[in-house]
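A.B. asks: Dropping the sequence and predicted coords here.
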Amino acid sequence: MSDVTRADICTIACAEAWRGDGEVMASPFGSVPALGARLAKSTFAPDLVLTDGEAALVHGIPTLATKPAELVRESYVPYKTIFAIVWSGRRHIMMMASQVDQFGNQNIAAIGDHARPKAQLVGVRGAPGNSVNHATSYWVPDHNPRSFVASVDVVCGVGNDRAAAAGPGASRFHDLRRVVSNLGVFDFATPDGSMRIASVHPGVSLDEVAAATSFALADIDTDVPVTREPTDTEAGLLNLLDPKGLREREVSA
Amino acid sequence: MADKQTTVSAMADEITSGMTLGIGGWGSRRKPMALVRELLHRDVTDLTLVSYGGPDVGLLVDAGKVAKVICGFVTLDSIALDPLWRAARQAGTVELTEVDEGLFYLGLQAAAWRVPFLPARSGLGSAVQSETPAFKTVANPYVDGPFADPEDAGAELFAMPALRLDVAAIHVNVADTAGSAMVLGPDAHFDDLFLGAATRRFVTAEQVVPAGTLADHGPLERAMIHRLLTDKVAETPGGAHFTANPPDAQRDEAFQKHYAASAKDSETWAAFKERFLAGDEAAYQSAVETWRSEQ
């Protein structure tokens, strides 16, 4: 397995996010989560449901190179129906995060002051609604002190602290699962819902993770597991599902 | 039966300073761009735009027509962020009320149903709430009795206010002279709700056909814009360019790239405006044709 890349490890870590989810819509953002969802569906999560990114659910498992015209569409799901699915809870999204903080608040809207940002990003999009209605995970391809921050500039995806403070309206279906970065896997299995290191990627030191994180990660002083590598079957599927190697372009090692 | 045909120019005449304008479509998909381009030439100012934002928002903001935007994004889809929007935001020249995409839908739905708000979980705990203190919450009234759900007994919900529009404009593939309209592309998005939320309701179309003949142009289920939702229709072929409007036209990705690249620099942007946006719609379409032949 010496030719396993960091991007392969990240993809497996993203795929694992959907393990045990059953028949839900998997909504991955970014090439690595997109590949991870396809890998999960090909192996341990066969009931996952993928969309064509436009207005349909797709039949079977397209690769990252499948052209829109080649997709087999199985049902009609325009945006109005997407929101019906969001609010029903039958979805697990993996969004990207320009910033994520200790309690899993996520920012994709703007860096700096919201009224006049230093850098305008994509906007809140559906993150506020996604994060309080169904399972939510994040993918951060460049883990550094500016992406893992003490406090996000604009709260788009809602973290554990703010969901709890807003009461059952927000917290009842709030379900923050994991954050996958190019350095490790993080979850929130702590008494106060703060971020914990769940595993560190092979070849990454815990010092490196700590230095790249602007807050204290729970459990970093324990015997942290190493993120698993792909099995031989999975390694074959990764190349089959991502023939052009898009995953390698997204991960800074 | 009234004949609702008019021109894009006559529609623009009715859009005046200070109005709230809803624009249909989504991102860089099926935007009423001919009407947007017409507005660039008008002296209208201080508009409030309500849009699943795309180049419609970028262009109108850049042209100084807009005081405020209500949206959850301004995207070109294949390009994450409209560069004119980015520049305006970073210069602080436009006010933004940022809402979640789903809340936006509920705001239009509330206006279309003439109720003051619709409740949601979405928005709670997020910047949607903290950046706009005018947004309120509402307590779940079902704390006991047969309809109470104990899990939500103490819940405060986000009360998404009705997004009432003075004018709404959408673009479709085919409309008829009586004001019914058909969207043949993959998604009609929220265009019926934009119209339902508005006082004055405009449909621009690739083609306007005689009343009662829409079923000759596609499946009747695609004619979801019925005439109770519309006031005026105008034919404007290519009127969604450069946004996607299949089956009439896919997104003009090459031209969109040219737009986005030009908009990043004041000199190239001035040249783009001079070449494509200085004249009327016919001049625009002809300039695009010439540009395309040069590529």
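C.D. replies: Yep, it's here. Numbering: from 1, shown residues only, chains lettered A, B, ... in the order given.

A.B. asks: Using the record's assignment, carve chain B into domains.
C.D. replies: B:1-116+B:163-295, B:118-161 (automatic domain parsing).

A.B. asks: pLDDT of the first one, averaged?
C.D. replies: This points to domain B:1-116+B:163-295. Domain B:1-116+B:163-295 comes out with an average pLDDT of 98.

A.B. asks: quick check, distance from that domain to the centre of its chain.
C.D. replies: Centroid displacement of domain B:1-116+B:163-295 relative to its chain, using C-alpha atoms, centre = their mean, to the nearest Å, is 5 Å.

A.B. asks: got the end-to-end distance for that domain?
C.D. replies: 47 Å (C-alpha to C-alpha, to the nearest Å).

A.B. asks: do stretch A:99-119 as well
C.D. replies: 13 Å.

A.B. asks: cool, stretch A:51-70 as well?
C.D. replies: End to end - C-alpha to C-alpha - stretch A:51-70 spans 13 Å.

A.B. asks: List the buried residues for it?
C.D. replies: A:51-52, A:54-58, A:61-63, A:66 (16 or more other C-beta atoms under 10 Å in any protein chain shown). In short, each C-beta sits where N, CA and C put it, glycine included.

A.B. asks: Same check on stretch B:284-293?
C.D. replies: Buried residues in stretch B:284-293 (16+ other C-beta under 10 Å): B:284-285, B:287-288.

A.B. asks: Quick check on residue B:70: phi, psi?
C.D. replies: Backbone torsions for residue B:70, taken as degrees, to the nearest 10, come to phi -110, psi 110.

A.B. asks: What segments of chain A are helices?
C.D. replies: A:6-17, A:31-42, A:79-88, A:127-133, A:160-165, A:168-171, A:206-211, A:232-241, A:246-250 (DSSP state H).

A.B. asks: Tell me the helices and strands packed up against the fourth one.
C.D. replies: In this case it means helix A:127-133. Packing partners of helix A:127-133 (3 or more C-beta pairs under 8 Å, 6 or more residues apart in numbering or on different chains; DSSP states H and E): helix A:79-88, strand A:91-96, helix A:168-171, helix B:101-113.

A.B. asks: one more time with 6 Å
C.D. replies: Contacting helix A:127-133 under the criterion 3 or more C-beta pairs under 6 Å, 6 or more residues apart in numbering or on different chains; DSSP states H and E is no other helix or strand.

A.B. asks: just the third one next, same as before
C.D. replies: Helix A:79-88 is packed against no helix or strand, with contacts defined by 3+ C-beta pairs under 6 Å, 6+ apart.

A.B. asks: Please point out which parts of that helix sit buried.
C.D. replies: A:79-80, A:82-83, A:85-87.

A.B. asks: Also the fifth one?
C.D. replies: Using 16+ other C-beta under 10 Å as the burial criterion, the residues of helix A:160-165 that qualify are A:160-164.

A.B. asks: restrict these to contacts with chain B.
C.D. replies: Residues of the buried residues of helix A:160-165 in contact with chain B (C-beta under 6 Å from any C-beta of the partner chain): A:162-163.

A.B. asks: Can I get the buried residues of helix A:160-165 in a markdown table including pLDDT and distance to residue B:118?
C.D. replies: Formatted as a markdown table, those follow (pLDDT from 0 to 100; distance: C-beta to C-beta, whole Å):
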| residue | pLDDT | distance to residue B:118 |
| --- | --- | --- |
| A:160 | 98 | 27 |
| A:161 | 98 | 27 |
| A:162 | 98 | 22 |
| A:163 | 98 | 21 |
| A:164 | 98 | 25 |
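
A.B. asks: Could you count how many residues lie near the spatially closest residue to residue B:211 that is not a sequence neighbour?
C.D. replies: Leaving out its chain neighbours, the residue that sits closest to residue B:211 by C-beta to C-beta, 6 or more residues apart in numbering or on different chains is residue B:178, at 3.8 Å. By other C-beta atoms under 10 Å in any protein chain shown, 19 other residues sit near residue B:178.

A.B. asks: so can I have JSON lines of the domains of chain B showing distance to residue A:108?
C.D. replies: Formatted as JSON lines, these follow (distance: least, C-beta to C-beta, whole Å):
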{"stretch": "domain B:1-116+B:163-295", "distance to residue A:108": "9"}
{"stretch": "domain B:118-161", "distance to residue A:108": "11"}
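
A.B. asks: Which among those is found nearest to residue A:114?
C.D. replies: Proximity to residue A:114, assessed across these by C-beta to C-beta, is greatest for domain B:118-161 (5.2 Å).
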